[in-house]
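Colleague: after the sequence you'll find the predicted model.
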Number of protein chains: 2
Amino acid sequence: MHGSNNDDVRRHNLSTILGIVHRNGATPRSQLTRMTGLNRSTVAALVAELVELGLALEREPDATKQVGRPSPVVAVDPRVVALAVNPEIDAVTIAVVGLGGHVHRRIRHVLEHSPSVTEAVAIAESVIAALRGELDAGFRVAGIGLAVPGQVRSSDGMVRLAPHLDWVDAPIASLLSEASGYPAFAANDAGLGAIAEWHFGAGRGCRDLVYLNGGASGIGGGIIAAGAPFGGVGGFAGEFGHIRVSAVGDAGAHLDSAGIAGTLESEVRLSALLSVLGLGAEHAEDLDDALLAALADDGAPGDAARAEVARQLGHLGTALGAAVNVLNPELVVLGGFLASLLVADPAALDAALSRSALAAPREDVSVVRAELGPNLLMVGAAELAFAPLLGNPAGFGWPASPGR
Amino acid sequence: MHGSNNDDVRRHNLSTILGIVHRNGATPRSQLTRMTGLNRSTVAALVAELVELGLALEREPDATKQVGRPSPVVAVDPRVVALAVNPEIDAVTIAVVGLGGHVHRRIRHVLEHSPSVTEAVAIAESVIAALRGELDAGFRVAGIGLAVPGQVRSSDGMVRLAPHLDWVDAPIASLLSEASGYPAFAANDAGLGAIAEWHFGAGRGCRDLVYLNGGASGIGGGIIAAGAPFGGVGGFAGEFGHIRVSAVGDAGAHLDSAGIAGTLESEVRLSALLSVLGLGAEHAEDLDDALLAALADDGAPGDAARAEVARQLGHLGTALGAAVNVLNPELVVLGGFLASLLVADPAALDAALSRSALAAPREDVSVVRAELGPNLLMVGAAELAFAPLLGNPAGFGWPASPGR
DNA sequence: GGTGATTTGTTGACTGACAAAACATATTAG
DNA sequence: CTAATATGTTTTGTCAGTCAACAAATCACC
């Protein structure tokens, strides 16, 4: 709909090069010319501008075994960071994340009770305030990204509903922006997990992927479609947890967090797994590892556990079938306890998927585990704050350092 | 990933302007400058190039009541056409469609039996051969678009499976291209319906929509995501007909065309509607109208019919709930007998949808009837052939006129 | 250890696309 | 008939990327 001009070309090319260095890590300049198809001299000028902007660095060439003049290596400037915030039911986690996805620091503020919006914002702001000296000394902060376990409106970062935190219409992005002085953006945690796995994890180089995460509070999802994160009109897309996988059932049926029965989230539940395995709260910290060990063959799971795993995998396969039929992704990435389920019996999931997915899209897809560990959401949330910078490196309006 | 340069700017701007005139119809040049944000002089030059290329025309200004010098009206050149082909179980339909979506001619070749791929290609080619004199006289043909009721691989137009036609791995695009001498492209019919409704029908100006069509052979769907048709890796996306909406049921349950029970297509069936309404084959031609009339209040449908409509609307609501939760579209467009179901009892569908969709995405969506009539698939298929031309007006490689 | 082939960096001239400004023209309002 | 307004037309300017020539750094081979 909109025309473009020379300025757009420059913006696009700066963005392309910074994006490559951001996602692929340090890259020789000669390789940038090959990847972009641009002229050597153009790439040299673009990189020079990024260095000038304080976004990239040029290092001495790496020692290689190749003929020809060595090419300097271009890397992101490590002083450019974003702040990531993840409020949960039992903690608020804050991190300082650099361009390139490097997590400089992660601070987990443990809570006695589920925080209100105001409390979560106050905690995040106090942690950020404590970091401020450090940040002002050596870093430039692009902004704050919030990963929220709930439905978040993309236009303004309003949390429409976060069932487990019991938040309704909580304008967390504007509250934290107001409190901290940094621009703040919020999105659904699983959607940000999808972005993180896509850039830095199991989904590298993939144009169409679906990410599904299973946690204590339910099942969330995110979509990368045609090489871009997909949110729909309001940013609420990716809620695979609430699609129907079974009959509504009788009065005793579990309900999902939206109060609906027969959905993926109501049938595939971590608590049910833990109870048949006899795992309790003592593994709160390393839950996924404990679960994996208990489900593995040498963990000798009992018949009840095997049956529950099979039941849950059947329902998961049905939901993945819907995702595969509707979205025809190249990859499905499973995180949290869904990854444990996958590892416990890949063949069973495959069989269940084959029962509900059409052959053609079924052949296109692979189902794999998430690769990123505890930094997943921090990296994803930072991506949210980096997006405007990556989209327009030269024209980015840096926030004034607050508190000075 | 790829850099851009001056050539890309020109291509993008030519494409933008031709696209506006194609989708919005004849447009004053001054409005083009406002819509694109480009300079007057630039738009003048771009339009002049499109006229030079034989893709657009400039007419005398329309009489308006506005102050200021009148602006010439830019329209598509009506001589630019694409051929559309739609093989079905009982006919092969061929049309000549102009830029702008105008259907010059539509020819329905009725068949006694379901055609094989070879037969369908032969029929299409013979109709095209008969048109050739006419085409060579006054038209330039961009190519052929095929709307196929089945799963079509986008990369090469291979029909992986068309259950009702009983085609498996049928390379229809390359066969017809070979036979006719025109470049040919194939895609799923419902996906093309989505594109047609998006450009010229109920979905105009919408960036995120889902289209669902109900026909005698089942339920197909198409997705427009983030302002572009979405096909997934292989082009198979949009198969909403095969997602689970109910329990698998007992032995007597209907199966969908993929042999799966409990799916949308197995529960929401035109034949079931027709049988409770006592409608038969005599309405083959104007089925949708007859259905609408029978379902309307003054058609006095019986209790059995009301119950069946309610049952089907319940299942349709469940499937739409999945679509709404996963894709968060702005619009859901229903075509074929699904439109009749919607009209019969909009409130019931709304209620069913509200039971399975989350509140936030539910509030974003409207469910409406398709607007395009019998030309829907012709316009959508033509869009497929026009796509390369619209994407790169100056660099488009026109096929040599075959047979001369 | 020199010499040539190869690859890439560097520099300056060149092309082309859009923007901007000045002027021309066609319409409406009074 | 005149002023105001909007837009077409023409000319000049700016800027991004390309291209070609040359320089520099490495490897391979004699």
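Modeller: All right, it came through fine.
Colleague: where does the most centrally placed residue in chain A land in three-state SS?
Modeller: The residue lying closest to the centre of chain A (CA atoms, centre = their mean) is A:G193, at 1.8 Å. Of the three states, A:G193 takes helix under DSSP: H, G, I helix; E, B strand; the rest coil.
Colleague: spatially nearest residue to the closest residue to DNA strand D within the stretch 251-400 of chain A (excluding sequence neighbours)?
Modeller: DNA strand D sits closest to A:A394 of the stretch 251-400 of chain A, with a gap of 8.6 Å, by CB to the nearest atom of the strand. (C-beta placed from N, C-alpha, C; glycine too.) Distances taken as CB to CB, 6 or more residues apart in numbering or on different chains put A:L14 closest to A:A394, at 5.8 Å, once the chain neighbours are dropped.
Colleague: same thing with A:H164?
Modeller: Using CB to CB, 6+ apart, the closest residue to A:H164 is A:S217 (4.1 Å).
Colleague: next one: phi and psi at whichever residue of chain A sits closest to DNA strand C?
Modeller: Nearest residue of chain A to DNA strand C: A:G68, at 2.2 Å (CB to the nearest atom of the strand). Here is the backbone geometry of A:G68 (degrees, to the nearest 10): phi 100, psi 170.
Colleague: the residue of the stretch 251-400 of chain A closest to DNA strand D: how many residues sit nearby?
Modeller: Neighbourhood size, A:A394 [other CB atoms under 10 Å in any protein chain shown]: 15.
Colleague: that one: what's it in contact with?
Modeller: Contact analysis of A:A394 by CB atoms under 8 Å, 6 or more residues apart in numbering or on different chains lists A:R10, A:R11, A:L14, A:E49, A:L53.
Colleague: for whatever residue of the stretch 151-300 of chain A ends up closest to chain B, list the residues it contacts.
Modeller: Nearest to chain B in the stretch 151-300 of chain A, going by CB to the nearest CB, is A:G232, at a distance of 2.6 Å. Applying CB under 8 Å, 6+ apart, we find A:G232 in contact with B:D208, B:A225, B:L327, B:N328, B:P329, B:E330, B:P361, B:D364.
Colleague: one more time with 10 Å
Modeller: Taking CB atoms under 10 Å, 6 or more residues apart in numbering or on different chains as the contact definition, A:G232 lies against A:154, A:223, A:238-239, B:207-208, B:225-226, B:324-330, B:361, B:364-365.
Colleague: in strands, which of those residues appear?
Modeller: Of the contacts of A:G232, the ones assigned to strands by DSSP state E are A:I223, B:A225.
Colleague: before we move on, back to that, right, and the residue nearest to the centre of chain A touches A:I224 too?
Modeller: No - counting by CB atoms under 10 Å, A:G193 stays clear of A:I224, with 11.0 Å between them.
Colleague: let me see the ranges of the helices in chain A.
Modeller: Ranges of helices within chain A are A:6-24, A:29-36, A:40-52, A:117-138, A:172-180, A:189-200, A:264-267, A:270-277, A:287-295, A:303-327, A:337-344, A:346-356, A:359-364, A:376-391, based on DSSP state H.
Colleague: re earlier: now, among the contacts of A:A394, which is nearest to A:A186?
Modeller: A:R11 (25.6 Å; CB to CB).
Colleague: start to end distance for stretch A:109-126?
Modeller: 11 Å (CA to CA, to the nearest Å).
Colleague: report whether that stretch contacts chain B.
Modeller: No - using CB under 10 Å from any CB of the partner chain, stretch A:109-126 stays clear of chain B, with a minimum separation of 16.6 Å.
Colleague: how about that stretch: buried residues?
Modeller: A:L111, A:S114, A:P115, A:V117, A:A120, A:V121, A:A122, A:I123, A:A124, A:E125 (16 or more other CB atoms under 10 Å in any protein chain shown).
Colleague: try stretch A:35-47
Modeller: A:M35, A:T36, A:L38, A:V43, A:A44, A:L46, A:V47.
Colleague: out of those, which touch DNA strand C?
Modeller: Filtering the buried residues of stretch A:35-47 for proximity to DNA strand C by CB under 7 Å from any atom of the strand leaves A:V43, A:A44.
Colleague: pick out the most distant pair among the buried residues of stretch A:35-47.
Modeller: A:M35 and A:A44 (14.7 Å).
Colleague: can you get me a residue count around the residue nearest to A:L320 when sequence neighbours are not counted?
Modeller: Nearest residue to A:L320 in three dimensions, chain neighbours excluded: A:L353, at 5.1 Å (CB to CB, 6+ apart). Applying other CB under 10 Å, we find 23 residues neighbouring A:L353.
Colleague: need the contact list for A:L353.
Modeller: A:313-314, A:316-321, A:323-324, A:332, A:362, A:365, A:367.
Colleague: ok, A:L99 touching A:I20?
Modeller: No - the pair A:L99 / A:I20 is not scored as a contact, 11.9 Å apart, by CB under 10 Å.
Colleague: more neighbours, the two?
Modeller: A:L99 (25 against 17).
Colleague: quickly note the distance from the closest residue to the more buried one other than its chain neighbours to chain B.
Modeller: Leaving out its chain neighbours, the residue that sits closest to A:L99 by CB to CB, 6+ apart is A:V76, at 3.9 Å. From A:V76 across to chain B, the span is 17 Å (CB to the nearest CB, to the nearest Å).
Colleague: which residues touch the residue nearest to A:G395 when sequence neighbours are not counted?
Modeller: Nearest non-adjacent residue to A:G395, counting by CB to CB, 6+ apart: A:R11, 6.9 Å away. Counting by CB under 10 Å, 6+ apart, A:R11 makes contact with A:S4, A:G391, A:N392, A:P393, A:A394, A:G395, B:S4.
Colleague: likewise for A:I260?
Modeller: Contacts of A:I260 by CB under 10 Å, 6+ apart are A:G241, A:H242, A:I243, A:R244, A:V248, A:S266, B:G321, B:N325, B:R355, B:S356, B:A357, B:L358.
Colleague: most neighbours among the residues you listed, please name it.
Modeller: A:I243 (32 neighbours).
Colleague: how close does that one sit to B:G395?
Modeller: 43 Å (CB to CB, to the nearest Å).
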